[in-house]
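**Student:** Sequence first, then the predicted structure, then my questions.
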Amino acid sequence: MHTNNLSSLNKMTRSKNKKFNRRKLCRNVVLASSLLFGSAAFANNIYVTTSADEFTDNSSCSLREAIYAAVLNTPLFGCSPGSATGMDEIIIQVPRVYVNNDMNLNFNNSDLTIRADGSPGTSGFSPAIIDGSSSDASTYIRYGENTRLIGLQFENFTATPLIIEGGNQNEGDYLRFINNEAFSVPIGASGVYVDGSSGASMEMSNCSFEGGDAVNGAIQLENGGFFYAQRCSFFQNHAIVGGGAVSVRTFGSFNTLASTYAENSALSGGAIYAAEETSLLIEASTIVDNMDSYYLLTGAGLDARGYTEIYHSVLANIGDSGSPENCNSLAPDLNQPAGALVDSFGSNFFEGDSQSYGGTENCNFLDRNAGDLIGTDAKLDIINVEGKYPYRYYYEPKSDSPIRNAGDFCGEDMLNNTVPSGSNCNLGSVY
């Protein structure tokens, strides 16, 4: 079974009364980055050969049939059997598969990988499209010990595309969620919903969430659900309620590293909304040109009502209308002092002036770090889109930008670029 050390992150971020141990957390993130999506011993390969969502005795193998063959370790119709030892790998060999009814991607405590054919991250790679246009169906991960999704594009869903209710080692790499809608409650995310009641979590790398329209953002976390997003972009997602990109509720935890949040919108928290008794860790990320529509200081970029740490990031360029504040935070109850909510650990850029601390006077900073930069213009170039799948959106600083070479947290950026050891790098998600 493929394992990693992000479970420690999950435990660390669940308590509202315990601050993040930043040094320990950074070590865990770096270690997780090296282990996440690492090599795994695969048992049997099962090949999906038809786009149809069927369960029929014929010579083809559908995705639904392949999952049953893998989990039950038996040949099924046109699908070869899974193995009782190791992690089976389902390889989708057709460009598109349809989901006509709710589909369990994993169950019965199995280790399973579902992936596109080819090598994600290389030029010319084409994802396997998971198409939800046929019905109001969702895909689920339930009870799986470890589910890995690689090179899949979820599109045209009219209900939450991926609902995770089980498994504390679920992983996704090179996933794209585009043009999905989800207007039902309480589950209403245009990308991924994580219910942590049974310890469910998702760790995702190299992902893109684009053009989603939902009640609760592209990602919705409930009941202690945990999500770790690294090298991801969230672009033009909309939520009716809170968090156009990410909505963290009921004890949920969200950590993000080297990611971009741009042109998202919601009633409150245009990019990220976090309710009371939740936790956020934002590192080396760019939160730009997002918008809230409530216009009552509810945070164009960030509405943080639990505990938040932010480091080496850019929070700037408020959207065309809505709240004049990039950030808002409120004390959750009388037991937590007002303002003891958002910690800056330095090397951030906040757009504004020194009086408003970067247009973030409503952030109620617990610690205002002397290493933060305050400016009226981050001087970012126009938004770019990556030239290959998963087509992530990003900003690069102009030559005279104050964020250029202003940081020292220089690992691997959103576009998988690295900086030579000992060199400075840009603030935000692109070094």
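**Tutor:** That came through, no problem.
**Student:** C-alpha from now on. contacts and neighbour counts both.
**Tutor:** Fine.
**Student:** what ranges do the helices span in the chain?
**Tutor:** In the chain, the helices defined using DSSP state H lie at 7-12, 22-35, 63-72.
**Student:** show me where pLDDT drops low in the stretch 151-300 of the chain?
**Tutor:** Scanning the stretch 151-300 of the chain with the threshold set as pLDDT under 70 gives 294-299.
**Student:** rerun at 50
**Tutor:** Along the stretch 151-300 of the chain, the parts satisfying pLDDT under 50 run over 296-297.
**Student:** Pick out the residue nearest the middle of the chain.
**Tutor:** Centroid-nearest residue in the chain, with C-alpha atoms, centre = their mean: Ala229, separated by 3.9 Å.
**Student:** Ser247 and Asn106: what is the separation?
**Tutor:** For Ser247, the distance to Asn106 equals 25 Å [C-alpha to C-alpha, to the nearest Å].
**Student:** residue contacts, Val430?
**Tutor:** Contacts for Val430 were tallied using C-alpha atoms under 8 Å, 6 or more residues apart in numbering; they are 258, 394-396, 413-415.
**Student:** what do you get for Tyr228?
**Tutor:** Per C-alpha under 8 Å, 6+ apart, neighbours of Tyr228: 202-204, 254-256.
**Student:** Quickly list what it is bridged to.
**Tutor:** On the basis of DSSP bridges, Tyr228 is bridged to Glu203, Asn255.
**Student:** Rounded mean pLDDT for stretch 414-424, please.
**Tutor:** In this model, stretch 414-424 carries a mean pLDDT of 86.
**Student:** nope, stretch 86-96 is what I meant
**Tutor:** Taken as a whole, stretch 86-96 has a mean pLDDT of 94.
**Student:** Check stretch 342-359 too.
**Tutor:** 65.
**Student:** Tabulate the contacts of Tyr228 (CSV), appending neighbour count and distance to Gly172.
**Tutor:** Output for those, formatted as CSV (neighbours: other C-alpha atoms under 10 Å; distance: C-alpha to C-alpha, whole Å):
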residue, neighbour count, distance to Gly172
Met202, 24, 7
Glu203, 22, 6
Met204, 25, 5
Phe254, 28, 15
Asn255, 21, 15
Thr256, 23, 14
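**Student:** quick revisit: any idea how far the residue nearest to the centre of the chain is from Asn426?
**Tutor:** 20 Å.
**Student:** next one: Thr49
**Tutor:** In terms of C-alpha to C-alpha, Thr49 sits 45 Å off from Asn426.
**Student:** How about Ser126?
**Tutor:** Distance, Ser126 to Asn426, by C-alpha to C-alpha: 31 Å.
**Student:** more crowded one of the two?
**Tutor:** Neighbour totals were compared for Ser126 and Asn426, and Asn426 leads with 26 against 20 (other C-alpha atoms under 10 Å).
**Student:** wait, isn't that one in contact with Phe409?
**Tutor:** No. Asn426 lies out of contact with Phe409 (C-alpha atoms under 8 Å); the separation is 9.0 Å.
**Student:** what number of residues lie near Asn424?
**Tutor:** Residues lying near Asn424 (other C-alpha under 10 Å) number 16.
**Student:** List the contacts of it.
**Tutor:** So Asn424 contacts 405-410 (C-alpha under 8 Å, 6+ apart).
**Student:** follow-up on the earlier one: can you add distance to Thr85 and neighbour count and give the contacts of Val430 back as JSON lines?
**Tutor:** Shown next, in JSON lines, are the contacts of Val430 (distance: C-alpha to C-alpha, whole Å; neighbours: other C-alpha atoms under 10 Å):
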{"residue": "Ala258", "distance to Thr85": "36", "neighbour count": "30"}
{"residue": "Tyr394", "distance to Thr85": "41", "neighbour count": "27"}
{"residue": "Tyr395", "distance to Thr85": "45", "neighbour count": "19"}
{"residue": "Glu396", "distance to Thr85": "46", "neighbour count": "20"}
{"residue": "Asp413", "distance to Thr85": "36", "neighbour count": "23"}
{"residue": "Met414", "distance to Thr85": "35", "neighbour count": "27"}
{"residue": "Leu415", "distance to Thr85": "35", "neighbour count": "19"}
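**Student:** Of all pairs in the residues you listed, which one is the farthest apart?
**Tutor:** Ala258 and Glu396 (12.9 Å; C-alpha to C-alpha).
**Student:** ok, so of the contacts of Tyr228, who is nearest Ile219?
**Tutor:** Nearest member of the contacts of Tyr228 to Ile219, counting by C-alpha to C-alpha, is Phe254, at 9.7 Å.
**Student:** quick one: contacts for that closest one?
**Tutor:** 226-229, 248, 279-281.
**Student:** Can you tell me which of the residues you listed comes closest to Phe183?
**Tutor:** The shortest approach to Phe183 among the contacts of Phe254 belongs to Val248, at 17.0 Å (C-alpha to C-alpha).
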